[in-house]
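Sequence isn't available, so here's the structure alone:
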């Protein structure tokens, strides 16, 4: 039994290394920044639909670019990792949860962009919408922290979840209107900053794998 516990701990510690590069944090921060830019694009292009299309286009570029970069980075420095069946199920569940979270986030952002404007009185919708955003971020990132054994993801979810409350609640409650660039940009800057610190540390602690005969091994 002790041997099995030790094996599980070794697998957990090995798996955690694949989330110490910080690029996932950078990705989440840039997603927030993309939503802020979507609001700016809506003003520039004169329509919510155009702004939403621009936001989705930027998000797609981020997903493809960062996933490709992260895959190459991890392969060259950590090699490959084959998780056990239980961890594979957890990974699949967290991926589905993250996709659902992103969809909910974009829906809430679109609803805010369509319904939010100057002079709107306090209403249950304006209180509930940011709360749904916040709880969605915290629950999903908390689930990822638990299933992936990466505790900082819960803090990431807390900071990510602040964006919509910062955009809506100060205005409807106290008459203080924050620009989307501030409301989304401030949490985004914090998350990206943490990710870049993690990335710098990762690059220092995990140099490229040794190569045999000048060819990449790519495995551990």
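Cool, the structure landed. Just so we're clear, the structure is a prediction, and the values are computed from it rather than from any experiment. Residues are numbered from 1 along each chain as shown.

what sits against the residue most central in space within the chain?
Centroid-nearest residue in the chain, with CA atoms, centre = their mean: residue 28, separated by 2.5 Å. Residue 28 sits next to 156, 160, 191, 195 when contact means CB atoms under 8 Å, 6 or more residues apart in numbering. C-betas here are computed from N, CA, C, even on glycine.

got these as CSV, with distance to residue 143, neighbour count and secondary structure columns?
Below are the contacts of residue 28 laid out as CSV (distance: CB to CB, whole Å; neighbours: other CB atoms under 10 Å; DSSP: H, G, I helix; E, B strand; the rest coil):
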residue, distance to residue 143, neighbour count, secondary structure
156, 12, 25, helix
160, 14, 29, helix
191, 18, 25, helix
195, 20, 21, helix
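
any idea how far residue 61 lies from residue 14?
From residue 61 across to residue 14, the span is 31 Å (CB to CB, to the nearest Å).

How about residue 66?
Per CB to CB, residue 66 is found 22 Å from residue 14.

got it, and residue 188?
Using CB to CB, we find residue 188 at a distance of 30 Å from residue 14.

Please identify the helix or strand for residue 103.
helix 85-115 (DSSP states H and E).

Now do the buried residues in the helix or strand harbouring residue 165.
Element membership for residue 165 (DSSP H and E) is helix 163-174. Across helix 163-174, burial judged by 16 or more other CB atoms under 10 Å covers 163-169, 171-172.
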